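Student: whatever this is, show me its structure:
(one chain, ligands or ions: 1)
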Amino acid sequence: MLDDIPSLNQLLKILQQIPYLASKNVYKVADHFLHMDPAKIQQFCSVLMQANEAVVPCENCFCLKEQDRVCLFCVSKKRDHSLICIVETWQEVFAIEKTNGYLGVYHVLGGVICPLDGIGPEDLTIQQLLMRIDNGIKEVILATNQTPEGEATAAYIAVQLRKKQVEVSCLARGLPVGSLLGTMDRLTVYKALSERRRF
Ligand SMILES: [Zn+2]
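Tutor: Modelled structure (predicted):
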């Protein structure tokens, strides 16, 4: 039947390429687009293109920033630049920022070490992190997710940091196994950070 409506077929196919869109929702999202006002559709497309072009990682901490602006974290005078929180992606930065309780800076790894997916330490920003450590960093908080890959990545980084004069801590105990920072509520994230312990 879809062959007779090739435009709909195409729309469904492109929506199916979005990795986080559950397949049961594809028809609903397609329906939403089909009923959207043409002006809104245009706005939607231009916002997508603009974000895709203008949102880039900071060359220092790899948090996201606007291409033609400075990184809010790296230039901030209110932040403690001797304290770095290491996270997997920018999503965790947002989760931590929502707590309003962290005043250090960040380092975004860009993922986790996962040999099965062919992702090794060299595919992450670990080398750049080690270069940052030598510039007056006193403490590093390993805040990778508590998944097997997240913990293995934290352990790998901790070994690399052994040669450096820096305190290494990690999130508080008592978090549910497999918990993801990005999906925790604000208070839990705040407690995990403020009650951090030595690694
Ligand atoms: Zn930055």
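
Student: could you use CA atoms for every contact and neighbour count after this?
Tutor: Fine.

Student: return the residues of the protein in contact with the ion.
Tutor: 58, 61, 71, 74 (C-alpha under 5 Å from the ion).

Student: all strands for this protein, in order.
Tutor: 55-57, 64-66, 80-87, 104-108, 139-142, 167-170, 197-198 (DSSP state E).

Student: can I get these in CSV with mean neighbour count and mean pLDDT?
Tutor: Output for the strands of the chain, formatted as CSV (neighbours: other C-alpha atoms under 10 Å; pLDDT from 0 to 100):
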stretch, mean neighbour count, mean pLDDT
strand 55-57, 15, 97
strand 64-66, 17, 97
strand 80-87, 21, 96
strand 104-108, 23, 97
strand 139-142, 24, 94
strand 167-170, 18, 91
strand 197-198, 13, 81
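
Student: which residues touch the residue nearest to the spatial centre of the chain?
Tutor: The centre of the chain sits closest to Thr89, judged by C-alpha atoms, centre = their mean, with a distance of 1.7 Å. Neighbour list for Thr89: 63, 108-111 [criterion: C-alpha atoms under 8 Å, 6 or more residues apart in numbering].

Student: which one of these is nearest the ion?
Tutor: Cys63 (5.6 Å; C-alpha to the ion).

Student: what are the buried residues along the helix of greatest length in the chain?
Tutor: Ordering each helix of the chain by length in residues (DSSP state H) puts helix 38-54 first. Of all the residues in helix 38-54, not one is buried under the rule 16 or more other C-alpha atoms under 10 Å.
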